[in-house]
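[1] just the structure for this:
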Amino acid sequence: MPFELPDNLHPDCGPVAWLLGRWGGRGHGDYPTIDGFQYGQELVFTHDGRPFFHYFARAWLVDEAGEKVREAAQEAGFLRCRPEGRVELLLTHNTGFAEVWYGEAADGKLELTTDAVVRTESAKEYTGGKRLYGNVEGDLLYAYDMAAMGQPLQPHLWARLVRQ
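    Model prediction:
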């Protein structure tokens, strides 16, 4: 699907402009405290000309045939673009935590690391993460490493999404 830069794109958003739009596809998850799984996912990045993108993501578990089993994670927030490819990401999750991430974007790649995590009383233990998003052959590939439930930072989710 062709992609054109919006006329009102803020200059600081240039390094992540390729993320704008709706993405969808399937991914895989694994972690020492849970069984491996497959999921479907939708990511949406929008903007209004200011130096940030609004972000929303939702996921659902799928079976081996790719059929939806049940709803899963949701997250929403803002990808704040700073000069020279620096970014800040503010996220909230339906699972009861909020995060602040810092990172850098360049050459079709966005890499982020958590700086702060805040949890509600009912949320599971989660202490930090690392995210890598890449534009590979026009698709959005990402990997998410997580430190949670007494486990050190390690791979948790990975997916390939296509522009919708």
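[2] what's the first-to-last distance across stretch 130-147?
    One end of stretch 130-147 to the other measures 9 Å (C-alpha to C-alpha, to the nearest Å).
[3] how about the strands in the chain?
    Using DSSP state E, the strands of the chain run over 21-31, 34-46, 52-62, 68-81, 86-93, 97-106, 109-119, 126-136, 139-148, 154-163.
[4] quick one: closest of those to His10.
    Across the strands of the chain, His10 has its closest neighbour in strand 68-81 (6.6 Å, C-beta to C-beta). (Glycine included, C-beta is placed from N, CA and C.)
[5] chain center to that closest one: distance?
    7 Å (C-alpha atoms, centre = their mean, to the nearest Å).
[6] packing partners of that strand?
    On a contact count with 3 or more C-beta pairs under 8 Å, 6 or more residues apart in numbering; DSSP states H and E, strand 68-81 meets strand 34-46, strand 52-62, strand 86-93.
[7] follow-up on the earlier one: could I get the strands of the chain as a markdown table with mean pLDDT and distance to Gly14?
    Below are the strands of the chain laid out as a markdown table (pLDDT from 0 to 100; distance: least, C-beta to C-beta, whole Å):
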| stretch | mean pLDDT | distance to Gly14 |
| --- | --- | --- |
| strand 21-31 | 97 | 16 |
| strand 34-46 | 97 | 14 |
| strand 52-62 | 98 | 12 |
| strand 68-81 | 98 | 8 |
| strand 86-93 | 98 | 12 |
| strand 97-106 | 98 | 9 |
| strand 109-119 | 98 | 12 |
| strand 126-136 | 98 | 13 |
| strand 139-148 | 98 | 17 |
| strand 154-163 | 98 | 18 |
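[8] now those as a markdown table including mean neighbour count and distance to Leu5?
    A markdown table is the format used below for the strands of the chain (neighbours: other C-beta atoms under 10 Å; distance: least, C-beta to C-beta, whole Å):
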| stretch | mean neighbour count | distance to Leu5 |
| --- | --- | --- |
| strand 21-31 | 17 | 11 |
| strand 34-46 | 16 | 13 |
| strand 52-62 | 18 | 13 |
| strand 68-81 | 16 | 14 |
| strand 86-93 | 18 | 17 |
| strand 97-106 | 18 | 15 |
| strand 109-119 | 17 | 17 |
| strand 126-136 | 17 | 14 |
| strand 139-148 | 18 | 17 |
| strand 154-163 | 17 | 14 |
